[in-house]
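Participant: Okay, sequence plus prediction incoming.
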Amino acid sequence: MVAGSAAYLNPLRVPALFGGAKLANFNPILRPAAMKLRSTQPSVIPMKMSAATAAPEKFEFQAEVSRVMDIIIHSLYSEKDVFLRELVSNAADACDKKRFLSLTEQKGNDDALEIRIQPDKVAKTLTIIDSGVGMTKDELIKNLGRIAQSGTKQFAELLKSKASGSNDVNLIGQFGVGFYSGFLVADKITVVTKGFEEGAKAHRWESEAGSGFSITEVEPDEIPGFSGTKITLSLREDAEEYLDDKKIKTLVSRYSEFVNVPIRIWTTKTEYEQVPDEEANKKLKEGEAPKTKSVPKITQDWALQNTQKPLWMRPPSQVTEEQYDEFYKSTFKAWDKPLAHTHFSLEGQIEFRALLFVPTSLPFELGNNMFDENARNIRLYVKRVFINDKFQELCPRWLKFVKGVVDSEDLPLNVGREILQKSSVLRVVRRRIERKCIDMFGNLKKQGGDKWSTFQSTFGKYLKVGIIEDAENRQDIAPLVQFATSAPGVNHTSFDSYVERMKPDQKYIYYLPGESRYQCEVSAAMEKVRDSGYEVLYCTEPLDEMTFMELRNYKGKELVDLSKDEVKGLDDLEGVKAKKEEAKQALDKVVKFVSSTLGPKKVSSVEVSTLLRDSPVGLAQGAYGMSPQMQRYMKARSAATGDSMDEMPTSFPSVIQINPEHAVIKSLKEQLEAGQEGEKQQRTVKLLYHVAAMKAGYEIGDSREFATLVTDLMSA
């Protein structure tokens, strides 16, 4: 069996052989390219030469390949750092493949599978060594002598389209270019490799970006063990930062900390040892202890870097709570313990594993902006190699506070593995994440206690955003949200608890917008349910009100705004309607006088309400009107976004409702029937309007007029 190693090009589509991946997908996707290679050697059978004296055989890339190489180096990757991720991923794939072949072919078992990274500041090179499957000469030509599977010219054109910002180019899984990312930092790449065959020869592949390559036979002992590969990057001057072992450790920790092959880095350490101080001891007096001094001692050794284990690859039954907590803290640099976690996988046509956490406290980066785009909550891995944490498409905005990892080979990444393409696969993964998060929150609710209270106070607003923005999951999120309530002895309640307390004759769920609980409690609208005893949910934030507006009903029960002029289940009762019509006729003069005094800018209409009890009048909005709280929110939003407010009125006309049983209204009625329609009666109406506006939470549009009315009343 020829052990081809296309893994050295792009590890994305070469599945891991362990941790649940299908062996059916084992074969590399990269096949011999359609492009031709031109050898500069004569087309005759060369003489046999020893490895020590063998002359290099030179090849030239086709013109299209040179164009592609230029795009890879200058346009494909947004960060140079990713070159190490790509090369380490390739090396890990080669080790995985050797692990499998050594079991099936019973050879190469004595080699310890590992990856070594050695920076050399003197030679200005960075070397990545793996004891993986290696490559034969033919595989070097096929795999490293071409870039794409087929259609190199087409590949170049597609890459140019991507580099120019075209969004309709899909490069998923079409080409292997991971190996060539090394040219992001190197002028020259040298590959020494020995294939997975008995008595295999070793070869050196060398290339400078876009100038062709050469292959030379070398001594087999240049690669210790049965097989393996050594890649040496001759770094450019602007890439000498990668000669620092601390930089290499940082990159390995970021991208490859969960790779299942040991990664060792050649590390320089400075230690201090105590030695006798000869100069000081020359003046040492009799009886004094000999003096010592600290002398730096520089040592170099291989340091194991990837000690962290990928918990998401294990079955949940084999992971303890302490391990989950430790993984959360170390991976996300968090100090708090998670409130909850969910660990799951999906197998079938689409496969992925995920481990998600709910923090105890609001992440720092979300403190100023609950949807901060720079808050990177979900980390995407491919075969345990970190790809990115900037993908907004993996989970919706309302789950911005959830932290976690997703590991999948099926997600549609672009060729540079930096852009997540929209596809049906992405939708499946996103929906499963949403579903599992909702289930996780539901389990927290069942547990109750301090954890559920902490979750509600810290992240309850995100659930309300979910109801507003996520139409597909709206009804599933609704049981999880809570609101302040008028129920005695209850601070906050859920929809289910509200429904359980509903009166036998109650058909609707009532809510009332207000700036605070107190303002809701003193609102004239609350008088409408005093006789019926119906419970009312308080919307003390604009987010609450928008939640009700989008939800509209809960389990078949309509949500009704108590601040509207016509309230279902109250104003539409036959007895109430008849009584209201009778009172309106009796107060005809009062209705007309109030309407003419206040004018259309303040009130859209004047109605009579038989549901008011203590208040002489109340303010309400029509079916499509905005509550005072929503009016303030819209103004603030316009100011924050810089939108013009010229068309935004300073006040919104309301419906003023008159209580026919109140003493003030009865007195006004008597005065008007007696022909007294002067300034005194107008002041009374204006003062009633301002008082009702204050109780309902409206802004006092003319504070000077209100102050004058109050002063005149006090001096009367």
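Facilitator: Here it is on my side, so go on. None of these values were measured; they are calculated from a predicted model.
Participant: where's residue 362 relative to residue 458, distance?
Facilitator: 5 Å (CB to CB, to the nearest Å). Using the backbone N, CA and C atoms, a C-beta is placed for each residue, glycine as well.
Participant: just residue 516 next, same as before
Facilitator: Applying CB to CB to residue 516 and residue 458 gives a distance of 20 Å.
Participant: Against the centre of this structure, work out the most remote residue.
Facilitator: Distance to the chain centre peaks in the chain at residue 286, reaching 71.6 Å (criterion: CA atoms, centre = their mean).
Participant: Going by secondary structure, that one is in what exactly?
Facilitator: If you go by DSSP states H and E, residue 286 is not part of any helix or strand.
Participant: Now it. Its backbone dihedrals?
Facilitator: phi -60, psi 130 (degrees, to the nearest 10).
Participant: likewise residue 135?
Facilitator: When read as degrees, to the nearest 10, the backbone of residue 135 gives phi -140, psi 150.
Participant: what about it, how many neighbours?
Facilitator: Using other CB atoms under 10 Å, residue 135 is surrounded by 31 other residues.
Participant: likewise residue 78?
Facilitator: 10.
Participant: so when I look at it, I'm seeing a strand, right?
Facilitator: No. Using DSSP: H, G, I helix; E, B strand; the rest coil, the secondary structure at residue 78 is coil, not a strand.
Participant: And the pLDDT for it?
Facilitator: Model confidence at residue 78, given as pLDDT, is 71.
Participant: ok, residue 280 to residue 98 distance?
Facilitator: For residue 280 relative to residue 98 (CB to CB), the value is 58 Å.
Participant: Equivalent analysis for residue 107, please.
Facilitator: With CB to CB as the criterion, residue 107 and residue 98 are 10 Å apart.
Participant: Which residues are in contact with residue 619?
Facilitator: Applying CB atoms under 8 Å, 6 or more residues apart in numbering to residue 619 gives the contacts 524, 654, 655, 656, 657, 689, 692, 693, 696, 698.
Participant: show me where pLDDT drops low in the protein?
Facilitator: Along the chain, segments meeting pLDDT under 70 span 1-54, 60-76, 145-177, 209-211, 412-422, 643-652, 716.
Participant: mind redoing it with 80?
Facilitator: Counting by pLDDT under 80, the chain has low-confidence residues at 1-56, 58-78, 107-110, 142-178, 209-212, 277-288, 391-392, 409-423, 638-652, 716.
Participant: For the closest residue to residue 441 other than its chain neighbours, grab the count of nearby residues.
Facilitator: Distances taken as CB to CB, 6 or more residues apart in numbering place residue 480 nearest to residue 441, at 5.3 Å, with adjacent residues excluded. By the other CB under 10 Å criterion, the neighbourhood of residue 480 contains 23 residues.
Participant: Ok, the one 4 residues further on next?
Facilitator: In terms of burial, residue 484 registers 22 neighbours under the definition other CB under 10 Å.
Participant: Just list whatever residues bridge to it.
Facilitator: residue 492, residue 538 (DSSP bridges).
Participant: do the same with residue 235
Facilitator: Under DSSP bridges, the beta-bridge partners of residue 235 are residue 186.
Participant: Now residue 464: closest residue in space that isn't a chain neighbour?
Facilitator: With CB to CB, 6+ apart, the residue lying closest to residue 464 is residue 547, at 4.4 Å.
Participant: make that residue 580, sorry
Facilitator: Here the residue nearest residue 580, using CB to CB, 6+ apart, is residue 610, at 5.1 Å.
Participant: what's the one you found sitting at in phi/psi?
Facilitator: Dihedral angles (degrees, to the nearest 10) for residue 610: phi -90, psi 0.
Participant: still on that earlier bit, just confirm the residue nearest to residue 464 contacts residue 470, I think it does.
Facilitator: No. Taking contacts as CB atoms under 8 Å, residue 547 lies outside contact range of residue 470: 11.7 Å.
Participant: Neighbour count for the two, which is higher?
Facilitator: Counting neighbours by other CB under 10 Å for residue 547 and for residue 470 shows that residue 547 has the greater number, 25 against 19.
Participant: and that one, what does it touch?
Facilitator: 464, 467, 468, 481, 539.
Participant: Give me the three-state assignment for the second one.
Facilitator: Classification of residue 467 by three-state DSSP places it in helix.
Participant: Run through who's touching stretch 708-716.
Facilitator: 683, 686, 687, 690.
Participant: from the middle of its chain, how far away would that stretch be?
Facilitator: Centroid separation for stretch 708-716 versus its chain: 59 Å, with CA atoms, centre = their mean, to the nearest Å.
Participant: cool, stretch 91-98 as well?
Facilitator: Using CA atoms, centre = their mean, the offset of stretch 91-98 from its chain centre is 31 Å.
Participant: ok, now stretch 524-533?
Facilitator: 44 Å.
Participant: Repeat that for stretch 208-224.
Facilitator: Distance, centroid of stretch 208-224 to centroid of chain: 43 Å (CA atoms, centre = their mean).
Participant: Just to check, residue 376 is in contact with residue 389?
Facilitator: Yes. Residue 376 is in contact with residue 389 according to CB under 8 Å; the separation is 3.7 Å.
Participant: show me where the stretch 351-500 of the chain has strands.
Facilitator: Per DSSP state E, counting those that start in this stretch, the stretch 351-500 of the chain carries strands over the ranges 352-358, 378-382, 385-388, 403-408, 482-485, 492-494.
Participant: which other helices and strands contact the shortest one?
Facilitator: For strand 492-494, the packing partners by 3 or more CB pairs under 8 Å, 6 or more residues apart in numbering; DSSP states H and E come out as strand 482-485.
Participant: swap the cut-off to 10 Å and go again
Facilitator: With contacts taken as 3 or more CB pairs under 10 Å, 6 or more residues apart in numbering; DSSP states H and E, strand 492-494 sits against helix 449-469, strand 482-485, helix 495-501, strand 536-539.
Participant: Just the buried residues of the first one, please?
Facilitator: Residues of helix 449-469 classed as buried under the neighbour-count rule (16 or more other CB atoms under 10 Å) are 452, 454-456, 458-459, 461-468.
Participant: Common neighbours of residue 107 and residue 98, please.
Facilitator: Jointly contacting residue 107 and residue 98 under the rule CB atoms under 10 Å, 6 or more residues apart in numbering are 196, 226, 227.
Participant: Now neighbour count too, for those residues, in JSON lines please.
Facilitator: Output for those, formatted as JSON lines (neighbours: other CB atoms under 10 Å):
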{"residue": "196", "neighbour count": "27"}
{"residue": "226", "neighbour count": "21"}
{"residue": "227", "neighbour count": "28"}
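Participant: What's the first helix or strand after the helix or strand hosting the residue nearest to residue 464?
Facilitator: Secondary structure from DSSP H and E places residue 547 in helix 542-551. Beyond helix 542-551 on the C-terminal side, the first helix or strand identified by DSSP H and E is strand 553-554.
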